[in-house]
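**Q** I need the structure of the sequence given here:
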Amino acid sequence: MSFEELRKEYPVFSYNGYSYSLEGQDLTIQFDFSIGDHIRFTPTMVLQAGRYAQYPADLQTLEGIIFHLGMIELISYWKCTCSPTLLIRPYRLNEEEQLWWRKLYWYGLGEFFYQNHIDTNHEKFLTFAFGEEAPMVDTLAYPHVAESNRVIVPIGGGKDSVVTLEELRTKREVVPFIINPRGATLACAEKAGFPNPDDILILKREISPRLLELNKEGFLNGHTPFSAMLAFYSVLISAVTGIREVALSNESSANEPTIPGTHINHQYSKSLEFEEDFRYYVDTYMNRCNHYYSYLRPLTELQIAERFAKYPQYFHVFKSCNAGSKEDKWCGRCAKCLFAYIILSPFIDDPTMISIFGDDLLNRTELAPILDQLTGMAYVKPFDCVGTIQEVNEAMHRILESRKDKALVKHYINKQLAMLDDNMLEEYYNMAP
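**A** Down below sits the predicted model:
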């Protein structure tokens, strides 16, 4: 069914509530969402706080945070029908809070709307409704979390979180945090000195099987703002560990739209705009119980790659390929693989790069269309977490001589020659370092 047909058949999405329980150091949370009378989702999350646990004596002080986790988790389920009304039964949001969430949903789903060819706008895509007896969410209390020398660092398994881990651990006591551990995330944690699960904050997050069934049946599917979800779980982590600071590894390139001249950005929830919005929300409505920031924000992808190259112990364990993540490998066919290969090539020699990725990606001619997207020679950037067009072009310029015999380097030069006349080409190359 189409977007409009689904909205007509399923006019209301309901956030019915949540439950939670503590067993040992593990906090289990279950959410209750429904669409109409016959579709129900009850996803369950388990936070394993291990030796870092400092749960409040009264778990009810976590309810405000848990309610907000439901507000971010529901996006994955709402989007399958895009119901025009979102009925929030547990609590009522004030007008400013509603505006804040509408902005996150709208920009966080920009790629989803674009990829599904959905014609809607910020005004009509969603309306909030609330349970008749629902109290204001402002009545909830939040724990106070004091400053300390400790800092939580989420580990994604890629080069960025490695740099944050290694640089911060020389100054602070670092506590790693992993969502749904996999080979690369655990291996990076081990290389950083955290070999045991009890040394790591772990969130096991599930997707309701019912949603997967609906996707197979043809209901709408697509990208959601994962990093916004991470942000709200970081507040829970701060509250149950007493560690206020959470240092992300989002770089400046996350601010660039995926579709030029639009607000559509695959990395919106990694952007500075979202980061500042999130801090404002936590400071204003959640008792300032968390300080969420990106340690790498001032840096370019090239600067991060250069710093990563100083840590060869991670070369054969880090991975940032989504397609190969389940098998803990680089797939060698996607935009993230090619981007990582290009951005690291100026700082790591050719034989080492080939051994890291298991292949010479610069000689994979079938990747030429992806290279065109990464370098701005195609209209749309890849819908993936990759650097800016300028950063990729600068990296290519830096390897033009050392990798001049590679098929993709030849393709890049020939494409540039075809696009630019001699004067423009000279000016363009003079921009390179």
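
**Q** switch to C-alpha atoms for all contacts and neighbour counts from now on
**A** OK.

**Q** quick one: least confident helix or strand in the chain?
**A** helix 422-430 (a mean of 55; mean pLDDT, DSSP states H and E).

**Q** any weak-confidence spans in the protein?
**A** Applying pLDDT under 70 to the chain flags the ranges 419-433.

**Q** what's the single longest strand in it?
**A** The longest strand of the chain (DSSP state E) is strand 12-23.

**Q** partner strands of that strand, parallel or antiparallel?
**A** strand 26-35 (antiparallel), strand 85-88 (parallel) (DSSP bridges).

**Q** which ones are touching Ala335?
**A** Ala335 makes contacts with 370, 374, 382, 384, 386, as judged by C-alpha atoms under 8 Å, 6 or more residues apart in numbering.

**Q** kindly provide the distance from it to Ala378.
**A** Look at Ala335 and Ala378: by C-alpha to C-alpha, to the nearest Å, they are 13 Å apart.

**Q** also Arg297?
**A** Arg297 sits 27 Å away from Ala378, taking C-alpha to C-alpha as the criterion.

**Q** likewise Leu87?
**A** With C-alpha to C-alpha as the criterion, Leu87 and Ala378 are 41 Å apart.

**Q** what of Tyr311?
**A** Separation of Tyr311 from Ala378 (C-alpha to C-alpha) stands at 34 Å.

**Q** circling back: out of Arg297 and Ala378, which sits in the busier spot?
**A** Arg297 (18 against 13; other C-alpha atoms under 10 Å).

**Q** tell me if I am right that Phe112 is in a helix.
**A** Yes - applying DSSP: H, G, I helix; E, B strand; the rest coil, one finds Phe112 inside a helix.

**Q** surely it meets Leu220?
**A** No - using C-alpha atoms under 8 Å, Phe112 makes no contact with Leu220, being 9.1 Å away.

**Q** picking that back up, what residues does the longest strand of the chain touch?
**A** 27-36, 66-67, 70, 74, 78, 83-90.

**Q** from the chain's centroid, how far away is that strand?
**A** 23 Å (C-alpha atoms, centre = their mean, to the nearest Å).

**Q** list the buried residues of that strand.
**A** 12-18, 20 (16 or more other C-alpha atoms under 10 Å).

**Q** cool, and stretch 361-375?
**A** Neighbour-count burial for stretch 361-375 [16+ other C-alpha under 10 Å]: 361-363, 367-368, 370-375.

**Q** just stretch 274-284 next, same as before
**A** 274-275, 278-279, 281-282.

**Q** Asp37: how many residues sit nearby?
**A** Applying other C-alpha under 10 Å, we find 7 residues neighbouring Asp37.

**Q** so who does it touch?
**A** No contacts exist for Asp37 under C-alpha under 8 Å, 6+ apart.
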